[in-house]
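>>> turn this into a structure:
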Amino acid sequence: MGSQAVGNRSIVLLSILFASVLVFAAAPADAAKAKPKAPHAAAAKEAPPAVPLSDIRVLGDRPAPFALDAKAAMMVDAQTGAVLYAYNEHQRMQPASLAKIMTFYLTLDALDQKRITLDTTMPISEKAWRLSMDESVSRMFLGVGQQVAVHDLLYGLMVSSGNDAAVTLAEYLGGSENGFTQQMNAKAKEVGLTETHFSNPDGLPVEDEYTTAADMVKLGCALLKNHPEALTYTDAKEFTFDKITQRNFNTLLFYDSRVNGIKTGHVDEAGYHLVSSATSKGTHLVSAVMGTPSSEKRRVETEKLVDWAFRTFVTAKPDSSKVVPATLPVFYGMVDSVTIAPTHATYVTVGKGEESKIAVTWTPSAKYLSAPVTKGAEVGQIAITADGKPIDSVPVVTQAGVAQAGFFKRLRDRFRHKP
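As a prediction, this is how the structure comes out:
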């Protein structure tokens, strides 16, 4: 029994020893499996930027702050035209509902030209009505045979993004969709859109229809410059027609009070677009973020761009009154001086805190004038520079005419005039 017990104890000890060896050998392998591979895991989760930072252009010498999850983007200061951020801005894309910006523009033109009024009613054709019944497109739910006021159609176009509204406006203003499309392309040429071709008033995908982020920014700036009333429609958060209320597809309006337009667009082949307008403390931004993977992304990426621009740049208006006199002396005239002023105001985009780098110099062409003086006569130039770089050269002109005085006044002036 004793020897058997010793044998059994030896077997147990050997078994324990063998098991320990197995556990020891297995432990490093299991630990390696359990240990997270932080660098590789992070790389797998973090998608590469949509475009290399080196391809992004930013105003001045600043490095690109971030890449956007979009196929193309551009932002400008609408008052100066300065490009604040851009990449792939000349890449052609299907415009989707961004085409409605041009439909909107032409309708506002027609209002300015008194060809229609906001109360003008337009008939709803069967084609427009069929679009309102198509669940695959945005619409304002027009009914065939209805007569709808321009006022409602404009809200339906820009808030509800109604394809039915676009067709209705096009048929009335152009005689037909084709006729209106010709007007769209003529206006595009007039505005300077060299990378855009429209094929219909609503942007539904068809052949030979394209635009770029650069052209959409240009169109947005032209729209707001020539039709500031456009913001009445693009800034509306919702619109109710025939007891149906729809929220604006531009959801950024609900997140950022500085944003006041302009238009969204989406088709599967191009992705999600947003042409945006935003204003704050004298700076007006217009941007186009195009080809994002979702409607949420177009909002988030545009908001990122808008917030960065307002934090980084400022639109300054140089004060020429510090160097340009308010009046110039006039001899031999009915009055002894005439008011002078620059022909236009100049705005300059600079980084925040860099306003002191803006300089204004005045070069008069004469120290005095001799009557008669015509209104608008040039009396000198002001040169505006920022950080030593020329920005603008502005003529300074008389603000009124001065008639020649009678004989005795001219004689008196001859004695007081000492060239």
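
>>> count the residues that sit near residue 116.
Around residue 116 there are 17 other residues, counting by other C-beta atoms under 10 Å. Glycine gets a C-beta too; all of them are placed from N, C-alpha and C.

>>> what's the closest non-adjacent residue to it?
Excluding its sequence neighbours, the residue lying closest to residue 116 (C-beta to C-beta, 6 or more residues apart in numbering) is residue 110, at 5.0 Å.

>>> residue ranges of the helices in the chain, please?
2-34, 38-45, 99-112, 126-132, 150-158, 163-174, 177-191, 213-226, 231-234, 295-312, 407-416 (DSSP state H).

>>> any idea which of those gets closest to residue 61?
helix 295-312 (12.7 Å; C-beta to C-beta).

>>> buried stuff in the closest one?
295, 297-303, 305-306, 308-310, 312 (16 or more other C-beta atoms under 10 Å).

>>> how about a markdown table for the helices of the chain, with mean pLDDT and distance to residue 341 added?
Shown next, in a markdown table, are these (pLDDT from 0 to 100; distance: least, C-beta to C-beta, whole Å):
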| stretch | mean pLDDT | distance to residue 341 |
| --- | --- | --- |
| helix 2-34 | 37 | 77 |
| helix 38-45 | 35 | 60 |
| helix 99-112 | 98 | 28 |
| helix 126-132 | 96 | 51 |
| helix 150-158 | 98 | 38 |
| helix 163-174 | 98 | 40 |
| helix 177-191 | 98 | 30 |
| helix 213-226 | 98 | 22 |
| helix 231-234 | 98 | 29 |
| helix 295-312 | 98 | 31 |
| helix 407-416 | 86 | 24 |
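
>>> pick the most buried one from those.
helix 163-174 (a mean of 26; mean count of other C-beta atoms under 10 Å).

>>> could you say what helices and strands that helix packs with?
helix 99-112, strand 121-123, helix 126-132, helix 150-158, helix 177-191 (3 or more C-beta pairs under 8 Å, 6 or more residues apart in numbering; DSSP states H and E).

>>> isn't residue 290 up against residue 86?
No. With contact defined as C-beta atoms under 8 Å, residue 290 does not reach residue 86; the gap is 11.8 Å.

>>> who touches both of those two?
Jointly contacting residue 290 and residue 86 under the rule C-beta atoms under 8 Å, 6 or more residues apart in numbering are 73, 213.

>>> what about residue 280, how many neighbours?
Number of residues near residue 280 (other C-beta under 10 Å) recorded here: 16.

>>> I figured it hits residue 309, correct?
No. Using C-beta under 8 Å as the test, residue 280 is too far from residue 309 to be in contact (9.4 Å).

>>> hang on, the earlier thing: separation between the residue nearest to residue 116 and residue 102?
Distance of residue 110 to residue 102, computed by C-beta to C-beta, to the nearest Å: 13 Å.

>>> likewise for residue 289?
Distance, residue 289 to residue 102, by C-beta to C-beta: 19 Å.

>>> ditto for residue 404
To residue 102, residue 404 is 53 Å away according to C-beta to C-beta.

>>> want to throw the helices of the chain into TSV with distance to residue 377?
Converted to TSV, these look like this (distance: least, C-beta to C-beta, whole Å):
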stretch	distance to residue 377
helix 2-34	86
helix 38-45	68
helix 99-112	32
helix 126-132	56
helix 150-158	44
helix 163-174	43
helix 177-191	32
helix 213-226	28
helix 231-234	38
helix 295-312	40
helix 407-416	18
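
>>> ok, which of these comes nearest residue 56?
Comparing these under C-beta to C-beta, the one sitting nearest is helix 295-312, at 11.0 Å.

>>> what about that closest one, distance to the chain center?
With C-alpha atoms, centre = their mean, to the nearest Å as the basis, helix 295-312 stands 11 Å off its chain's centre.

>>> how about stretch 175-186?
Its chain's C-alpha centre and that of stretch 175-186 lie 25 Å apart, by C-alpha atoms, centre = their mean.

>>> show residues contacting it.
99, 102-103, 106, 167, 169-171, 173-174, 197-201.

>>> output it as CSV, nothing but the C-alphas.
Extracted in CSV, the C-alpha atoms of stretch 175-186 (Å, rounded to 0.1, in the frame of the first residue of the first chain):
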residue,chain,number,x,y,z
GLY,A,175,-43.9,79.0,-71.8
SER,A,176,-42.5,75.4,-71.3
GLU,A,177,-39.8,73.6,-69.3
ASN,A,178,-37.5,73.7,-72.3
GLY,A,179,-38.1,77.4,-72.9
PHE,A,180,-37.4,78.1,-69.2
THR,A,181,-34.3,75.9,-69.3
GLN,A,182,-32.9,78.1,-72.1
GLN,A,183,-33.4,81.1,-69.9
MET,A,184,-31.6,79.3,-67.0
ASN,A,185,-28.5,78.7,-69.2
ALA,A,186,-28.6,82.3,-70.6
